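Undergrad: Fold the following, please.
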Amino acid sequence: MQFFNNKKVYRLNELLDAKNIQSPFLQIQCENLIKQKLIELQTCQEINQKNEKMIQQLQPTLEDQQFSQSLTFSSTYKPTSCSATQNGKVIETSTSAWQCCMCDQMIPKNGVFQFTVKIIQIQEIMIAIGFRDVVQSKSYQSCQYIGGGTYNIYNNGQCQNHDQQDKDSKYIAFKFAKNDIIIVEVDIEKKYVKWTKQSTDESFTLLLFIHPNIYIHVYIQMVNVKLRYQIHYQTSHLRTEDHEQALS
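TA: So this is what the prediction gives:
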């Protein structure tokens, strides 16, 4: 019986010795495994952060595309003598009197917003942005003068605007004609509007008076013009790729 007990003790000691021998090795293995898992966790966190950043970057682009697809000349905010056709992408009139035709969508308050206008036919036109409530109060006429609520460039190169007397009715912009494409850039945060003729890169800029809602519009007579959606969008923290599309 004593022999049996001694044998059991010997086996127990053998196991304890084996445990003592293996313990440091197992500890190292565990530490290495923990380090590996921490590295994998950090990598996953970095990937998640990158994905979240990509989602944040894509969001303005998606919003931009949704807005651009819905950008139309209004069938409501215009004189009855003007017609919005081709799903609101074209505005036309055969009347010789000046008429202000607005878009349905308000210009975004954040970032840089651009849109283009192509002149299909022309007698006289002003390409502009403005304050809907002021334009409505004037029944969509005589809106181009000081206090009229609009910022305009005339196809003869003249500037007319809401609040800058020193530039009003001065030939300080650029001329444009049939088939010209005019890119209009608006940054409400930085308070400016800029017109650029695509074919020559001539440009003209005006400061903006702050107003709660600013809309695209054209001031026309005997004109047929085509609106194309914005080609560029930028927020204060992000610059996306240009989304330029040709005007057919």
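
Undergrad: switch to C-alpha atoms for all contacts and neighbour counts from now on
TA: Noted.

Undergrad: Contact partners for Phe204?
TA: When the contact criterion is CA atoms under 8 Å, 6 or more residues apart in numbering, the partners of Phe204 are Ile172, Ala173, Phe174, Lys194, Trp195, Thr196.

Undergrad: I'd like those residues laid out as CSV, including secondary structure, distance to Leu206 and pLDDT.
TA: Below are the contacts of Phe204 laid out as CSV (DSSP: H, G, I helix; E, B strand; the rest coil; distance: CA to CA, whole Å; pLDDT from 0 to 100):
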residue, secondary structure, distance to Leu206, pLDDT
Ile172, coil, 11, 96
Ala173, coil, 10, 96
Phe174, coil, 13, 97
Lys194, strand, 6, 95
Trp195, strand, 9, 96
Thr196, strand, 12, 95
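
Undergrad: Helices of the chain, start to end?
TA: Applying DSSP state H to the chain gives helices spanning 2-70, 132-137.

Undergrad: any idea which of those scores lowest on pLDDT?
TA: Note on those: helix 2-70 shows the lowest mean pLDDT, a mean of 63.

Undergrad: Longest strand in the chain, please.
TA: As assigned by DSSP state E, the longest strand anywhere in the chain is strand 112-121.

Undergrad: Now that one - C-alpha only, CSV.
TA: Extracted in CSV, the C-alpha atoms of strand 112-121 (Å, rounded to 0.1, in the frame of the first residue of the first chain):
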residue,chain,number,x,y,z
VAL,A,112,-19.7,75.1,-53.2
PHE,A,113,-22.6,74.5,-55.6
GLN,A,114,-22.3,74.6,-59.4
PHE,A,115,-24.8,74.3,-62.2
THR,A,116,-24.7,75.0,-65.9
VAL,A,117,-27.0,76.7,-68.4
LYS,A,118,-26.8,76.2,-72.1
ILE,A,119,-28.2,78.8,-74.4
ILE,A,120,-30.3,77.1,-77.1
GLN,A,121,-31.8,80.1,-78.7
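
Undergrad: which neighbours does it have in its sheet, and in what orientation?
TA: Strand pairing for strand 112-121, using DSSP bridges, gives strand 181-187 (antiparallel), strand 224-228 (antiparallel), strand 233-235 (antiparallel).

Undergrad: how many other residues sit next to Phe115?
TA: 21 (other CA atoms under 10 Å).

Undergrad: and it, what are its bridge partners?
TA: With DSSP bridges as the criterion, Phe115 is bridged to Val184.

Undergrad: can I assume it is in contact with Val184?
TA: Yes: counting by CA atoms under 8 Å, Val184 is a contact partner of Phe115 at 5.5 Å.
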